[in-house]
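Visitor: With the input below, show me the fold.
(one chain, ligands or ions: 1)
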Amino acid sequence: MVSNFQGHPELLSISTGYPVDVEEASSSLNHNLIRHQFFLETTLHLSMERIPERVMHAPGTGAFGFFHLTHDLSHICKAKLFSRVGKKTPVGVRFSHVAGFRGISDTVRDGRGFAVKFYTEDGNFDMVGLNSPVFPILDPLFFTSFVHVLHPNPKTGVMDQNPLWDFLTLRPESALFSILLFSDRGTPAGYRHMPGFSIHTYQVVNERGHPSFMRLHFLPDGGMKNLLNDEATRLAGEDPNYYTRDLYNAIAEGDFPTWTVAAQILSLEQVKKAHFDVFDVTKFLPLEKYPLHPIGQLVLNKNPENAFAEVEQIALNPGNLVPGILGAPDKMFEGRMLSYKDAQAYRLNGNLNKIAVNSPLKRPFTYNRDGQPPVADNELDAPNYFPNSFHGPAPYVSKGTPKLIEIVQHETDNVLQAREFYGQELTQLERATLPGNVVASLRAVAPHIQERAVKMFYLIDKELGHRIEIGLKNATSKCGLFH
Ligand code: HEM
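Guide: This is a model prediction of the structure:
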């Protein structure tokens, strides 16, 4: 990953086009600085190089490619990306760290974002998921607190494990996510070696408006690979951009990463008869009951050419839906539909969909005008009000607007799936390394929170609880505590 700019040098100018003379470009000593146009512009522009970083998932990288449909799904969902086997829909993908700020080392233990923008003929569909099949909280009301516990203490500015463990042990629905996070899956071997999950169960409809429900899985064709804690810690110090470079170089060398895309598909009947909430984002849908149906392949074959324009400014929003995909009926999804729109308007301003990476394939015709750049084409004297009798954009006529089903959500058993996942899904090696990974974080936490955490792990599995308890007793360093 080196700069290999091969172009001929152009004439240097400032952004107004004023050509810069060699004397001006060489020194500002003994010059009137206010009249030194080159100094003035470069210095003032530097202060404006940054935009607000994402409040969550700030560190990350991206790549581009396509989604190749291998199995027709049009009997279930009329979205264009799922019809006609062989179809290739262009995609933009952003992989990210859940916590921390830009610049954090890639291999630090964390959840990872796995977000895909599908550029379809009917607009952009964004699947904004994680490398984990579940989310730690059920209720969007607690999302702000969850974000706060993953960020530095506002007094000291230092990361502190106390709020994280305090919160996780007080919100028992996070038990399954905690097992995943502290297993070796919390330190993937790279972005191209991790899976992705929609987590939400989407409601979709076919041409006849008939509803079905699906959770999407993206399974790395090269297999899932993780790092052991020691290796991840070493790489965090020695090679902070380990994942980013690995992905970039693989694509640059033509070793394109691919994922098999599969869906768990449920009928309305199955949803009603499930005996549990299939929309609960803190739980997975058992594979024996709802098997995976392969639908296609995700291929990443193009690196970004401009990281700022194509990665920092990509706006992935679960509220970006297309006809046939209604979104999920759970409260978390509803909360997300509000939050991303607001966060991205703050970060990129109201014309964010005019930024090239966010623009849909087909030119949109709207009644919105102007604002902060990029304003580009403002549709000139086409009517900017609706209704009108001057041939302004007209809505299409549908056969009726499908509605999301209504659901009632409750907290349910929080231990059962964590126990199942620990006992049946983790490999022997992952079970062996889990207690040490937990202790490495928990040892820096106040004793009353440690006690609660140990109880939580005992509830999941007696031996796991016991090994963490012993590990904590033997842990000598209590690093991270402020007195
Ligand atoms: C199933 C639950 C959730 C998942 C899987 C998830 C996943 C993600 C991912 C992958 C990103 C990074 C997108 C990118 O690469 O640009 C992100 C960003 C973000 N998420 Fe979530 N999230 C979840 C829940 C929530 C909730 C409940 C809220 C708020 C109510 C929220 C608010 C945000 C915000 C504000 C950002 C930053 C958006 C931006 O500035 O572009 N998320 N989330």
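
Visitor: Low-confidence regions, this protein specifically.
Guide: Counting by pLDDT under 70, the chain has low-confidence residues at 1-5, 476-483.

Visitor: What residues does it have near the ligand?
Guide: In this structure, the chain approaches the ligand at residues 54-57, 60, 94, 96, 113, 115, 128-130, 135, 140, 143, 199, 281, 315-316, 332, 335-336, 339-340, 343-344, 347, judged by Cβ under 6 Å from any ligand atom. Bear in mind the C-beta positions are built from the backbone N, C-alpha and C, glycine included.

Visitor: Please, where are all the strands along the chain?
Guide: According to DSSP state E, the chain carries its strands in the segments 60-69, 88-97, 112-120, 123-130, 196-197, 202-205, 211-220, 258-267, 292-302, 325-327.

Visitor: Now which of the residues of the chain next to the ligand would you call buried?
Guide: Burial of the residues of the chain next to the ligand was assessed by neighbour count (16 or more other Cβ atoms under 10 Å); the buried members are 54, 56-57, 60, 94, 96, 113, 115, 128-130, 135, 140, 143, 199, 281, 315-316, 332, 336, 339-340, 343-344, 347.

Visitor: and residue 107, how many neighbours?
Guide: Residue 107 is surrounded by 26 other residues when neighbours are defined as other Cβ atoms under 10 Å.

Visitor: before we move on, what about residue 354?
Guide: Summarising burial for residue 354: neighbours were counted as other Cβ under 10 Å, giving 19.

Visitor: which residues touch residue 133?
Guide: Residues counted as contacts of residue 133 (Cβ atoms under 8 Å, 6 or more residues apart in numbering) are 180, 197, 199, 217, 284.

Visitor: Which stretches in the stretch 251-400 of the chain count as helices?
Guide: Chain-ordered helices for the stretch 251-400 of the chain, with DSSP state H, counting those that start in this stretch as the definition, fall at 268-272, 307, 331-348.

Visitor: can you pick the most crowded of the contacts of residue 133?
Guide: Top of the contacts of residue 133 by neighbour number is residue 199, holding 26 neighbours under the definition other Cβ under 10 Å.

Visitor: Which residues are in contact with the nearest residue to residue 190 once chain neighbours are set aside?
Guide: Sequence neighbours aside, residue 246 is the residue nearest to residue 190 in space, at 4.3 Å (criterion: Cβ to Cβ, 6 or more residues apart in numbering). When the contact criterion is Cβ under 8 Å, 6+ apart, the partners of residue 246 are 190-192.

Visitor: Out of those residues, which is nearest to residue 354?
Guide: The closest of those to residue 354 turns out to be residue 191 (Cβ to Cβ; 28.2 Å).

Visitor: Neighbours of residue 82, how many?
Guide: Neighbour count of residue 82, defined by other Cβ under 10 Å: 27.

Visitor: Pretty sure it sits against residue 76.
Guide: Yes: applying Cβ atoms under 8 Å as the test, residue 82 and residue 76 come out as touching, 7.5 Å apart.

Visitor: So for the residue in the stretch 1-150 of the chain positioned nearest to the ligand, what's the nearest residue that isn't a sequence neighbour?
Guide: Across the stretch 1-150 of the chain, the shortest distance to the ligand (Cβ to the nearest ligand atom) belongs to residue 113, at 2.8 Å. Leaving aside its chain neighbours, residue 113 sits nearest to residue 96 (3.6 Å; criterion: Cβ to Cβ, 6+ apart).

Visitor: if I look at residue 130, how far off is residue 316?
Guide: When distances are taken as Cβ to Cβ, to the nearest Å, residue 130 and residue 316 turn out to be 12 Å apart.

Visitor: could I have stretch 83-93 exported to CSV, CA atoms only?
Guide: What follows is stretch 83-93 as a C-alpha-only set of coordinates in CSV (Å, rounded to 0.1, in the frame of the first residue of the first chain):
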residue,chain,number,x,y,z
SER,A,83,-34.6,-11.2,-8.9
ARG,A,84,-32.9,-12.8,-11.9
VAL,A,85,-30.2,-15.3,-11.1
GLY,A,86,-26.8,-14.0,-12.3
LYS,A,87,-27.7,-10.4,-11.6
LYS,A,88,-24.8,-8.3,-10.2
THR,A,89,-25.8,-5.3,-8.0
PRO,A,90,-22.9,-2.9,-7.2
VAL,A,91,-22.1,-2.5,-3.5
GLY,A,92,-20.1,-0.3,-1.2
VAL,A,93,-19.0,-1.9,2.1
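
Visitor: quick one: it to chain centroid distance?
Guide: Using Cα atoms, centre = their mean, to the nearest Å, the distance from the centre of stretch 83-93 to the centre of the chain it belongs to is 20 Å.

Visitor: Please identify the buried residues of that stretch?
Guide: Applying a neighbour-count criterion of 16+ other Cβ under 10 Å, one finds 83, 87, 89, 91-93 buried in stretch 83-93.
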